[in-house]
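Q: got a sequence here, can you model it:
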Amino acid sequence: PRTAPGGPAGTRPRGAAGSRPRTSGRGAPRALPPHTVFAERLLAVLSGERPVHWMLGHTLGEAYEQLVRLAPGTPLRSPGPRPVLRRCSVQAHPAQGAVEAFATIATGARVRAMAFRLERGDDQRWRCAAVELDGLGTAAAHRT
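A: Model prediction:
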């Protein structure tokens, strides 16, 4: 009988582990929009999965300092289920080359909100310019 890496043909698990990459219908993997990529990156840092310095080349100005203040005490680091990104959408385009986005993050039954701003530089790369988690971003910035 014919076998595939996951076992006999037709028995591979379905879902994330056994599925093919998302495609645009032409066979090429579909790239995620920048706001979704940044939401995943920010979640990795705020949950403690990645260190804050992982975002050094991906932040502008005060955004890195916001992450330094937020990351150690964020509720996403608490023991229990791993936080996952549920939804990420663009809220506004306040200026040319800027995007304000929001994301919902699930940790078990608890859902949290994250907002962030991305700005495109002269090199056409997107960078995070601001981040807030359940309103903690602004509060942390004003306490210091």
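
Q: alpha carbons only: can I get whichever helix in the chain runs longest in PDB?
A: Looking across the chain with DSSP state H, the single longest helix is helix 34-46. Below are the C-alpha coordinates for helix 34-46, written out as PDB (Å, rounded to 0.1, in the frame of the first residue of the first chain):
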ATOM      1  CA  PRO A  34       1.000  43.100   7.800                       C
ATOM      2  CA  HIS A  35      -1.500  43.800  10.600                       C
ATOM      3  CA  THR A  36      -2.000  40.100  11.200                       C
ATOM      4  CA  VAL A  37       1.700  39.300  11.100                       C
ATOM      5  CA  PHE A  38       2.300  42.100  13.700                       C
ATOM      6  CA  ALA A  39      -0.500  40.900  15.900                       C
ATOM      7  CA  GLU A  40       1.100  37.500  16.000                       C
ATOM      8  CA  ARG A  41       4.500  39.000  16.800                       C
ATOM      9  CA  LEU A  42       3.100  41.200  19.500                       C
ATOM     10  CA  LEU A  43       1.200  38.300  21.000                       C
ATOM     11  CA  ALA A  44       4.400  36.200  21.100                       C
ATOM     12  CA  VAL A  45       6.200  39.000  23.000                       C
ATOM     13  CA  LEU A  46       3.400  39.900  25.400                       C
END
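
Q: what's the first helix or strand after it?
A: Remark: after helix 34-46, the chain's next helix or strand is helix 62-70, criterion DSSP states H and E.

Q: just for this protein, where's the confidence low?
A: Residue ranges of the chain with pLDDT under 70: 1-28, 135-144.
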